[in-house]
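Participant: A predicted structure for the sequence below; I have some questions about it.
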Amino acid sequence: MIYRLISKFNDDFGLLVFLIYLCLFVLAFLAVFLFPPLALILVVLGLVGFVGVWLLVTIMRSIEYSLARKALAGGNCPCCGGVVSDTGIPDPVGGRYLICRECSQVFEHHGRRAQEEDLLEEDEASASTL
């Protein structure tokens, strides 16, 4: 449950930050005509905010990966609780991809959810060596 909430937050966090910065841009644009110092303050806060966003993303991803590693170590899928099995395809950091038999979600051995592009690159790489 906690894993699903955190992974959903991590998936949609980029869009949330974009919308916040877009709203602040509109506010800064209006402030240029109404109260110019506010526009400068918003620019400085926006630049400093990148550091806060980066820290939040790093913390949330590390929590997601640690929860996933804990579930994967027990042979369970962090998303649905199903059984995971080894795909036999090596992941970029030296382990092997794990796949859930129920929800078909693919994970790297360190907890990151694999994207289809990752698996396609591995298939192309293994086909080119033949």
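Facilitator: Cool, the structure landed.
Participant: quick one, helices of this structure?
Facilitator: All helices of the chain, identified by DSSP state H, fall at 2-34, 36-73, 116-128.
Participant: those helices: which one's closest to residue 79?
Facilitator: The closest of those to residue 79 is helix 2-34. By CB to CB, the value is 6.4 Å. From N, CA and C alone the C-beta is placed, and that goes for glycine too.
Participant: ok and the closest one relative to helix 36-73, angle-wise?
Facilitator: 170 degrees (axes from the mean of the first three to the mean of the last three CA atoms, to 10 degrees).
Participant: for helix 2-34, buried residues please.
Facilitator: Within helix 2-34, the residues that qualify as buried are 3, 6-7, 10, 24, 28, 31, counting by 16 or more other CB atoms under 10 Å.
Participant: go on, stretch 42-52?
Facilitator: So for stretch 42-52, counting by 16+ other CB under 10 Å, buried means residue 42.
Participant: again with stretch 59-72
Facilitator: With the criterion 16+ other CB under 10 Å, stretch 59-72 contains buried residues 61, 63-65, 67-69, 71-72.
Participant: alpha carbons only: can I get that stretch in CSV?
Facilitator: Written as CSV, here are the backbone C-alpha positions of stretch 59-72 (Å, rounded to 0.1, in the frame of the first residue of the first chain):
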residue,chain,number,x,y,z
ILE,A,59,14.4,11.0,-0.8
MET,A,60,11.2,9.7,-2.3
ARG,A,61,13.0,7.5,-4.8
SER,A,62,15.3,6.1,-2.2
ILE,A,63,12.2,5.2,0.0
GLU,A,64,10.5,3.6,-3.0
TYR,A,65,13.6,1.6,-3.9
SER,A,66,14.1,0.4,-0.3
LEU,A,67,10.5,-0.7,0.0
ALA,A,68,10.8,-2.5,-3.3
ARG,A,69,14.1,-4.2,-2.4
LYS,A,70,12.5,-5.4,0.9
ALA,A,71,9.5,-7.0,-1.0
LEU,A,72,11.7,-8.4,-3.8
